[in-house]
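S.K.: Turn this into a model:
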Amino acid sequence: MKTIEKKEHKRSRTLKYACRICRYSEDAKNPLIYRNVLKKEVGNVLHTVPGTVSDDPTLSRSQNASCKSCGHNEAVFFQSDTSDVRSDT
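M.R.: Predicted structure coming up:
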C-alpha cells in the first residue's frame, strides 16, 4: 500500500510527494491537484422538449415574455434534464 501523499512545501511554494511514514519527498511533476472537466456545454435544449409541455396547466406561466421571432407573449417555465442518454464512455 502506498503512503505517498501530495503536500505543499510552504517556503518554496511548490507541490511535493511525501511519504507519511518516513521523511522521503520529491517534487511533483504536475502541480495539478484537482481538475473539473465538463463533458459537454449545455446550450439551447428546446429542440428536445416535447411540444405538449406548453399545454401542461400545472406549469408556471408568464404573460410578460416577448418572442423576437413571432411576437408571442406567453412563456412556460419548466426544468429539463439536460443529461444525454448516450454514454460518452
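S.K.: Which parts of this structure are strands?
M.R.: Assigned by DSSP state E, the chain shows strands spanning 4-9, 14-19, 25-27, 60-62, 75-77.
S.K.: mind putting those in a markdown table, mean pLDDT, distance to residue 34 and mean neighbour count included?
M.R.: In this view, the C-beta of every residue, glycine as well, is placed from N, C-alpha and C. A markdown table is the format used below for the strands of the chain (pLDDT from 0 to 100; distance: least, Cβ to Cβ, whole Å; neighbours: other Cβ atoms under 10 Å):
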| stretch | mean pLDDT | distance to residue 34 | mean neighbour count |
| --- | --- | --- | --- |
| strand 4-9 | 80 | 10 | 13 |
| strand 14-19 | 86 | 12 | 15 |
| strand 25-27 | 86 | 19 | 11 |
| strand 60-62 | 86 | 38 | 10 |
| strand 75-77 | 82 | 35 | 12 |
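S.K.: Save those as a markdown table, and put in distance to residue 49 too.
M.R.: Listed next are these as a markdown table, based on distance: least, Cβ to Cβ, whole Å:
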| stretch | distance to residue 49 |
| --- | --- |
| strand 4-9 | 44 |
| strand 14-19 | 46 |
| strand 25-27 | 52 |
| strand 60-62 | 15 |
| strand 75-77 | 10 |
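S.K.: Would you mind measuring from the closest residue in space to residue 28 that isn't next to it in sequence to residue 61?
M.R.: Residue nearest to residue 28 in three dimensions, not counting chain neighbours: residue 15, with 4.1 Å by Cβ to Cβ, 6 or more residues apart in numbering. Distance of residue 15 to residue 61, given as Cβ to Cβ, to the nearest Å: 53 Å.
S.K.: Am I right that the residue nearest to residue 28 is in contact with residue 25?
M.R.: No - at 10.4 Å, residue 15 does not count as touching residue 25 under the criterion of Cβ atoms under 8 Å.
S.K.: My guess is residue 65 contacts residue 71. True?
M.R.: No - Residue 65 lies out of contact with residue 71 (Cβ under 8 Å); the separation is 10.4 Å.
S.K.: From residue 13, how far out is residue 35?
M.R.: 20 Å.
S.K.: quick revisit: out of the strands of the chain, which gets nearest to residue 54?
M.R.: Proximity to residue 54, assessed across the strands of the chain by Cβ to Cβ, is greatest for strand 75-77 (5.0 Å).
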